[in-house]
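> mind folding the following:
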Amino acid sequence: MAEYTLTCRVSGDETLTGIVDADGDVRLEMRSGVSNHIYVRPDAFAEFARNLLADADADVESGLVKVGDLVEIVKYRSYSSEYEGLTGRVTAIDEDDLPYLVDTNDAGEVWAVEVRKVSEPAPACPGREALVSKAKSLLADTPHTAADLLRLAEFLAGE
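Numbers count the residues shown, from 1 in each chain. Below is the predicted model of the structure:
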């Protein structure tokens, strides 16, 4: 049974811990010197969480890491930072202490503790020759000059 802990912002040392208990209820525990428990059905908790996230304009899906995402390894192991900072594609996700299998260009496949999504690189701009060829094909059935081809190629390049 996984346990998730969130440090709360009240005076700095409060924590909110959540688990799913044996009855299938979500159990929330607030610790601030004294321990208080809140029990709620998962569907009610999910609706509660969705409403809060919507009010906060939080896009939860954009932050979730999925197989195929481009990521940076944030934490490799608790005892080693060897592969931290490397980027690659997530090829598998497990439910254990090393959940992310990342296929990096530099080190091959690496299991990591924590990763973060990174933006996809912009597609490479085609070379001049490809842009001129594209311009030629677009202007093929029209009267045009070399200057027309170059202007269209520049336009296609975004210049």
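
> pick out the residue closest to the middle of this structure.
Centrality entry for the chain: nearest residue to the mean C-alpha point is residue 117, 3.1 Å, by C-alpha atoms, centre = their mean.

> what's the helix or strand for residue 109?
Here residue 109, judged by DSSP states H and E, is contained in strand 108-112.

> relative to the helix or strand just after that strand, what are the paired strands and their orientations?
As assigned by DSSP H and E, the chain's next helix or strand after strand 108-112 is strand 114-117. Partner strands and pairing direction for strand 114-117 (DSSP bridges) are strand 70-75 (antiparallel).

> now the angle from the strand it pairs with to strand 108-112?
50 degrees (axes from the mean of the first three to the mean of the last three C-alpha atoms, to 10 degrees).

> pull out the buried positions in the next helix or strand after strand 70-75.
Per DSSP H and E, the first helix or strand lying C-terminal to strand 70-75 is strand 87-93. Residues of strand 87-93 classed as buried under the neighbour-count rule (16 or more other C-beta atoms under 10 Å) are 88, 90. Quick note: C-beta positions are derived from backbone N, CA and C, even for glycine.

> coming back round to it: what pairs with the strand holding residue 109, and is each one parallel or antiparallel?
strand 100-104 (antiparallel).

> list the beta-bridge partners for the residue nearest to the centre of the chain.
residue 71.

> look at residue 81 and report its pLDDT.
What the model reports for residue 81 is a pLDDT of 88.

> swap in residue 12?
On the pLDDT scale, residue 12 gets 53.

> need the phi and psi values for the residue of the chain most remote from its centre.
Relative to the centre of the chain, the most outlying C-alpha is that of residue 143, 49.2 Å out, by C-alpha atoms, centre = their mean. Main-chain dihedrals, residue 143, degrees, to the nearest 10: phi -70, psi 130.

> just to revisit the earlier point, using CSV, list the CA coordinates for the strand holding residue 109.
Presented in CSV, the C-alpha positions along strand 108-112 are these (Å, rounded to 0.1, in the frame of the first residue of the first chain):
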residue,chain,number,x,y,z
GLY,A,108,21.4,3.6,-22.7
GLU,A,109,18.4,2.6,-20.6
VAL,A,110,18.5,3.8,-17.0
TRP,A,111,16.0,3.3,-14.1
ALA,A,112,15.5,6.5,-12.2
